[in-house]
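Visitor: pasting the sequence and the predicted model now:
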Amino acid sequence: MDERIRYINIRFISPVQLQEKDAWFTISSEVRRLFGTHGAAEIGLFLSYFDQVTQGGIFRASHNYVYRVRASICFIHSRFNDPIHIYSENISGSLKKAKKLLNTKIYIDRYHNIRKLLYNSWEENLDDDEKPI
Amino acid sequence: MPRNFVDSLNPNRESQLSTFLHMAIHLGFTEIWISNPTNEEKKQATQSSFTSQIKIHERFDIGLKNESKAQMTSMLSYKRREIPIISVTCLTPEITAWAAQDNRVDILKFPIFQTGKLMSRSIAKLMIKFQKCLEIQLCELYSLPERQQIPALRQIRSAVEIGIRKKVPILFSSGSTRPDQLRSPWELASLGQMLLKNSISSLDSLSVIPQQLLERNLLKISPDYIAPGVFKISSSLNNIDEEEE
């Protein structure tokens, strides 16, 4: 029987604009750190599509191991000393539908709102660190 | 019907509460428990619950400052009637044994590196007998430095395994102190699935179990409650009489 696959829409929020390869290495390195090479092979992770404007990526994974990709996302906080926040939006069975959902207005609005809130929070934390004791 | 997810937060600054709540709404939570809120935070929370579709409840966390049993008991005696959720962070085996048997306590929490040691089979039996929940704050796990994640994961896993074997209800929450530590409920459930090895029970740990606990306690702290199974119905009878007239 053929392996069932799922497409996971993942959004990246960082002060630095991420490229396609950055998105891939951020997720894949965390998956490999958490589950090892064998676990990563079971997941069958693959970056199918990345939209640089909306900073959203569509990752392909095995139906049985989608939870592993989502669990790995929890552990990602920073990339090369820059803070990063990653969250998954939805899961679909076809790439066509995943692309359609990635550019849906509700999700893009939500991305902009979360980005705005996080930028303020990161600025506040930076101010605190820079303050003299 | 979509699930209603519950998260519990420990904001370390008053100014960040509104950011926290907005983030939680965007990430998909419908109910938030705020631990030990100040008066200013309570006001902000009430305003936010009016303007957005999110339910906010207060929870009381004790044991964080290594208080003695006597101090905790005196605090509980006047807080229990006001606050729906009471959790105890158990730092020693004595406190754990007391908290597992005290009827005023709802949730037991453990320091992350002692979770496996303190959550023994006998404690799990007591927790079942006295209807207590075990809470795992996942933020403590995923915010740790890489080298400390392995022992922490092992400790949590052993506690969760005992909990599953003895059928102790397990709650998962982020317990985040900063807005960037918040994660969406589906990601927390996936992390829970990694620990519980079951997707449905991990989703229940974030939605059904906390809601049931809150409903039970809200009923208990309502003014009409007298004893288990006994309620004052005079106010409702008066309303019926007025309608008949």
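Guide: All right, it came through fine. Residues are numbered from 1 along each chain as shown, chains lettered A, B, ... in the order given.

Visitor: name the surrounding residues that touch the host helix or strand of residue A:28.
Guide: In the assignment (DSSP states H and E), residue A:28 maps to helix A:20-43. With contact meaning CB atoms under 8 Å, 6 or more residues apart in numbering or on different chains, helix A:20-43 is reached by A:10, A:12, A:18, A:45, A:47, A:50, A:52, A:57, A:59, A:61-62, A:65, A:68-69, A:71-73, A:75-76, A:79, A:84, A:86, B:146. Quick note: C-beta positions are derived from backbone N, CA and C, even for glycine.

Visitor: which of those residues fall within strands?
Guide: A:10, A:12, A:47, A:50, A:57, A:59, A:61-62, A:79, A:86 (DSSP state E).

Visitor: tell me how far the residue of chain B found nearest chain A lies from residue B:201.
Guide: Chain A sits closest to residue B:190 of chain B, with a gap of 3.6 Å, by CB to the nearest CB. Between residue B:190 and residue B:201 the computed distance is 13 Å (CB to CB, to the nearest Å).

Visitor: what comes up buried for whichever strand or helix holds residue B:44?
Guide: Residue B:44 belongs to helix B:39-51 when assigned by DSSP H and E. Going by neighbour count (16 or more other CB atoms under 10 Å in any protein chain shown), the buried part of helix B:39-51 is B:41, B:44-45, B:48.

Visitor: can you give me the strands in chain B?
Guide: Secondary structure of chain B by DSSP E: the strands cover B:5-9, B:29-35, B:55-62, B:85-89, B:107-109, B:133-137, B:170-173, B:225-227, B:230-231.

Visitor: need those strands in TSV (columns: mean neighbour count, mean pLDDT and distance to chain A).
Guide: Formatted as TSV, the strands of chain B follow (neighbours: other CB atoms under 10 Å in any protein chain shown; pLDDT from 0 to 100; distance: least, CB to the nearest CB, whole Å):
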stretch	mean neighbour count	mean pLDDT	distance to chain A
strand B:5-9	26	91	13
strand B:29-35	21	90	12
strand B:55-62	19	89	17
strand B:85-89	23	92	22
strand B:107-109	25	93	19
strand B:133-137	24	93	13
strand B:170-173	25	93	11
strand B:225-227	10	81	39
strand B:230-231	10	82	42
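
Visitor: tabulate the ones you listed (CSV), appending distance to residue A:22.
Guide: Shown next, in CSV, are these (distance: least, CB to CB, whole Å):
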stretch, distance to residue A:22
strand B:5-9, 29
strand B:29-35, 29
strand B:55-62, 37
strand B:85-89, 39
strand B:107-109, 37
strand B:133-137, 30
strand B:170-173, 30
strand B:225-227, 56
strand B:230-231, 59
